[in-house]
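Q: have a look; sequence and predicted model below, questions after that.
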Amino acid sequence: VAQNDEPSAVHGLRGRGVTLRPATHEDVSVLAAILNEPEVTKWWGPADPSDLEADLALADVEHFVIEVGGETAGMVQFSEETDPMYHAAGIDIALSARFQGLGHGTDAVRTLARYLLEERGHHRLTIDPAAANARAIAAYTRVGFRPVGVMRQYERGVDGEFHDGLLMEMLVDELVP
Ligand SMILES: CC(C)(COP(=O)(O)OP(=O)(O)OC[C@H]1O[C@@H](n2cnc3c(N)ncnc32)[C@H](O)[C@@H]1OP(=O)(O)O)[C@@H](O)C(=O)NCCC(=O)NCCS
């Protein structure tokens, strides 16, 4: 009832092949297993299930399960800057290795971006892959994100070293349908 203003997110967002539905605590173990796959920790770092459980309860980040054919394929999330001067939203995504490289990441990011732009009134979205994450950069470029610049030594990797990140942004009329 409290979320009457967000009917489409509550009932799920439909992409071409993916469905995004709000994550619940029942999804934690499956999502934590995906986040701990080496193909994902390479870019996200390791995930503690209890941290994920706590994250799901946070009001400032909305987590969605990415479903493909009824199976949990990964997670996509957004956070919003609510200060009206800087109103914008940022997206993060992780797909299980067996669902990577099939277009589902592009589909999921496009679907969430459309919701944020068309239904949540955003005019600007950001996403910040590792500068070395060529697949992520290609997928986001396909959706309409454009590189802003390299954030030097932005995030610490599993190797303990800081690595560059690429800040990308998309304005409301730049979404590639
Ligand atoms: C990054 C991620 C979301 C991309 O989703 P995906 O479903 O695997 O990617 P898609 O199949 O939608 O698209 C990949 C694009 O990258 C291209 N690509 C694949 N490998 C590539 C590489 N090594 N170098 C450059 N481009 C590459 C593909 O050709 C495709 O582009 P195209 O559609 O123009 O042909 C997904 O792989 C993932 O979750 N990876 C693990 C975690 C991660 O990296 N998260 C992102 C953190 S910002």
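A: Happy to help now that I have it.
Q: neighbours of the residue in the chain that the ligand sits nearest to, how many?
A: Of all residues in the chain, the one sitting closest to the ligand is G105 (1.8 Å; CB to the nearest ligand atom). Where C-beta positions appear, they are placed from N, C-alpha and C, glycine not excepted. A count of nearby residues for G105, using other CB atoms under 10 Å, gives 26.
Q: same for the helix or strand hosting it, what does it pack against?
A: Taking DSSP states H and E as the criterion, G105 maps to helix 104-114. Judged by 3 or more CB pairs under 8 Å, 6 or more residues apart in numbering; DSSP states H and E, helix 104-114 is in contact with strand 13-14, strand 18-22, strand 61-68, strand 71-81, strand 88-95, helix 134-143.
Q: could I get those in JSON lines, plus columns for mean neighbour count, distance to the ligand and mean pLDDT?
A: Below are the helices and strands packed on helix 104-114 laid out as JSON lines (neighbours: other CB atoms under 10 Å; distance: least, CB to the nearest ligand atom, whole Å; pLDDT from 0 to 100):
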{"stretch": "strand 13-14", "mean neighbour count": "16", "distance to the ligand": "16", "mean pLDDT": "96"}
{"stretch": "strand 18-22", "mean neighbour count": "21", "distance to the ligand": "9", "mean pLDDT": "97"}
{"stretch": "strand 61-68", "mean neighbour count": "22", "distance to the ligand": "9", "mean pLDDT": "97"}
{"stretch": "strand 71-81", "mean neighbour count": "20", "distance to the ligand": "6", "mean pLDDT": "97"}
{"stretch": "strand 88-95", "mean neighbour count": "21", "distance to the ligand": "4", "mean pLDDT": "98"}
{"stretch": "helix 134-143", "mean neighbour count": "18", "distance to the ligand": "3", "mean pLDDT": "98"}
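Q: can you tell me which of the ones you listed comes nearest to A32?
A: strand 71-81 (9.8 Å; CB to CB).
Q: list the strands paired with the closest one, with their directions.
A: Sheet pairing for strand 71-81, assigned by DSSP bridges, gives strand 61-68 (antiparallel), strand 88-95 (antiparallel).
Q: now do it against strand 18-22, angle only.
A: On the basis of axes from the mean of the first three to the mean of the last three CA atoms, to 10 degrees, strand 71-81 is oriented at 60 degrees to strand 18-22.
Q: what does strand 71-81 contact?
A: 18, 20, 23, 27, 30-31, 34-35, 60-67, 87-96, 99, 104-105, 108-109, 112, 116, 120, 122 (CB atoms under 8 Å, 6 or more residues apart in numbering).
Q: so where is this protein shaky, pLDDT-wise?
A: Applying pLDDT under 70 to the chain flags the ranges 1-8.
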